[in-house]
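Chemist: my questions concern the predicted model and sequence given below.
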Amino acid sequence: MPRAYKSFTQEFKLAAVGRMASGETVIALARELGVLRKCLYAWRDQLRVGGPDALRPHKRGPKPRGDRVGHADDIERGAGSPQTSAPEPEPEPAAVPAAIAPLSEAQRRIAALEQKIGQQTLDLDFFRAALRHFRATRQPSDGSGVPASTRSSEP
């Protein structure tokens, strides 16, 4: 049975991603809007990479067949060898929208700080364990009847 797909407008997608960026929970937002969570994440990623134009609805239907140069039909008709054309320049990546750029920079900064906190926590745990070990193996040097921590040099 064919599955029916919903088509959402660019404005709808932008509004949904904006609500995600403002801190709304993705689960609640997906339920409210009637979309899958993975769609919300995909829209967010598309917006980051391609800007608002990347959220335009796609046309459904057959894909274009492209250039037919070098196919068997052309060779049989006497078209000769396939023609080579200059490689097309790659499109430049779209700039990140102004509203998303500070957010992604802040997220990178938060991730770096969280990593630093994690490393410092590991260091603290290591030094606490080393201090406990040191205190446990050290003999007390004062008190009655307790031998000195070092031996006397006199016999």
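Modeler: Great, that's in hand. Residues are numbered from 1 along each chain as shown.
Chemist: could you pick out the longest helix of this protein?
Modeler: Counting by DSSP state H, the longest helix found in the chain is helix 100-137.
Chemist: tell me what that helix is packed against?
Modeler: helix 37-50 (3 or more C-beta pairs under 8 Å, 6 or more residues apart in numbering; DSSP states H and E). (Glycine included, C-beta is placed from N, CA and C.)
Chemist: so which elements touch the helix it packs on?
Modeler: Packing partners of helix 37-50 (3+ C-beta pairs under 8 Å, 6+ apart): helix 10-21, helix 26-33, helix 100-137.
Chemist: just the angle for the longest one relative to helix 37-50, thanks.
Modeler: It stands for helix 100-137. Orientation of helix 100-137 against helix 37-50 (axes from the mean of the first three to the mean of the last three C-alpha atoms, to 10 degrees) gives an angle of 110 degrees.
Chemist: and for the first one?
Modeler: Relative orientation of helix 10-21 with respect to helix 37-50: 100 degrees, computed using the same axes, to 10 degrees.
Chemist: could you do the second one as well?
Modeler: Using the same axes, to 10 degrees, the inter-axis angle of helix 26-33 relative to helix 37-50 is 100 degrees.
Chemist: list the buried residues in helix 26-33.
Modeler: By neighbour count on 16 or more other C-beta atoms under 10 Å, the buried set for helix 26-33 is 29-30, 33.
Chemist: next one: stretch 113-126
Modeler: Buried residues in stretch 113-126 (16+ other C-beta under 10 Å): none.
Chemist: residues near residue 43, how many?
Modeler: Neighbourhood size, residue 43 [other C-beta atoms under 10 Å]: 21.
Chemist: who's in contact with it?
Modeler: By C-beta atoms under 8 Å, 6 or more residues apart in numbering, the contact set of residue 43 is 13, 16-17, 55.
Chemist: in CSV: these, plus pLDDT, neighbour count and distance to residue 41.
Modeler: As requested, those are exported to CSV (pLDDT from 0 to 100; neighbours: other C-beta atoms under 10 Å; distance: C-beta to C-beta, whole Å):
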residue, pLDDT, neighbour count, distance to residue 41
13, 90, 24, 12
16, 91, 23, 11
17, 91, 24, 10
55, 84, 21, 13
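Chemist: nearest to residue 135, of those residues?
Modeler: Of all these, residue 135 sits closest to residue 17, with 54.7 Å by C-beta to C-beta.
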